[in-house]
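J.: Need the 3D shape of this:
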Amino acid sequence: MKTVTKLFAMTLTALAILTTSNLKAQTMGTTEPMTTGSGMAFKVGVGVQGGLFPDKSEMDYGYGADLKLQYDLTKEVAVFASGGYTKLKWKSSPLNFEFIPLMGGVKAFVFDRMYLTGGAGTGLALKEGAEMNFIYTGGLGYEWTNGLEIGAKYEGYVNNSASDLYFMKTGQFALRLGYNFKL
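T.: Residues are numbered from 1 along each chain as shown. As a prediction, the model looks like this:
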């Protein structure tokens with residue numbers, strides 16, 4: 001549980017530093033936000049993440065990268081679909097579990113550009129004989145108008161018992177850094 005507390009403390013510290021370092025005095029000019037006036041916009045994002053598993057998990061840590069397509073329905077709600085690469089490291093084994101996560105979800109901007117997110121999907125295992133059934137995630141983050149994004153999330157994994165690399169239900173607490181390009 002101590003690693004979870006450390007991860008959240010690091011996330012909050014990074015979020016506080018990045019938020020306060022972008023403060024500027026007010027000017028008379030206008031800036032164009034990432035969304036259009038109606039709030040509807042497509043974005044393509046790239047990101048990297050790293051995470052730690054709870055002490056009771058068979059896994060030690062995980063890392064990966066993703067490509068995300070996001071559609072802002074309004075200024076308060078967006079939907080997304082993502083794919084990428086994730087690698088999970090076992091604690092007491094040289095084996096690694098590698099897969100391509102395919103996810104979909106919703107972002108709700110609850111305060112300015114701060115959001116809550118939730119999603120679900122599946123993972124396509126890269127090793128023959130390994131299978132992944134279900135991935136679920138939930139978290140919070142902040143998306144700046146210049147495209148930079150930072151978030152903290154829990155990502156849970158439910159593995160197929162027929163898999164050669166079977167592990168019990170587990171999940172990681174991860175920190176994600178990303179950048180969104182407006183289309």
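J.: Show me the shaky parts of this protein.
T.: The chain contains residues with pLDDT under 70 at 1-39, 129-130, 132, 160-168.
J.: Can you show me the helices along it?
T.: For the chain, applying DSSP state H gives helices covering 2-20.
J.: Could you count how many residues lie near residue 110?
T.: Using other CB atoms under 10 Å, residue 110 has 11 other residues around it. Bear in mind the C-beta positions are built from the backbone N, C-alpha and C, glycine included.
J.: Just to check, it is in contact with residue 116?
T.: Yes. Between residue 110 and residue 116 there is a contact under CB atoms under 8 Å: 5.8 Å.
J.: which residues of the chain fall in strands?
T.: In the chain, the strands defined using DSSP state E lie at 41-52, 59-72, 77-90, 96-111, 114-125, 132-143, 148-159, 170-182.
J.: Counting neighbours, which bits of the second one end up buried?
T.: Of the residues in strand 59-72, those buried under the neighbour-count criterion (16 or more other CB atoms under 10 Å) are 59, 61-62, 64, 66, 68, 70, 72.
J.: Ok, the fourth one next?
T.: Taking 16+ other CB under 10 Å as the basis for neighbour counts, the residues of strand 96-111 that come out buried are 97-101, 103, 105, 107, 109.
J.: out of these, who's nearest residue 43?
T.: Taking CB to CB as the measure, residue 43 lies nearest residue 107 of the buried residues of strand 96-111, at 10.7 Å.
J.: Pull up the gap between the closest one and residue 122, please.
T.: In this view, residue 107 and residue 122 are 20 Å apart by CB to CB, to the nearest Å.
J.: again with residue 48
T.: 21 Å.
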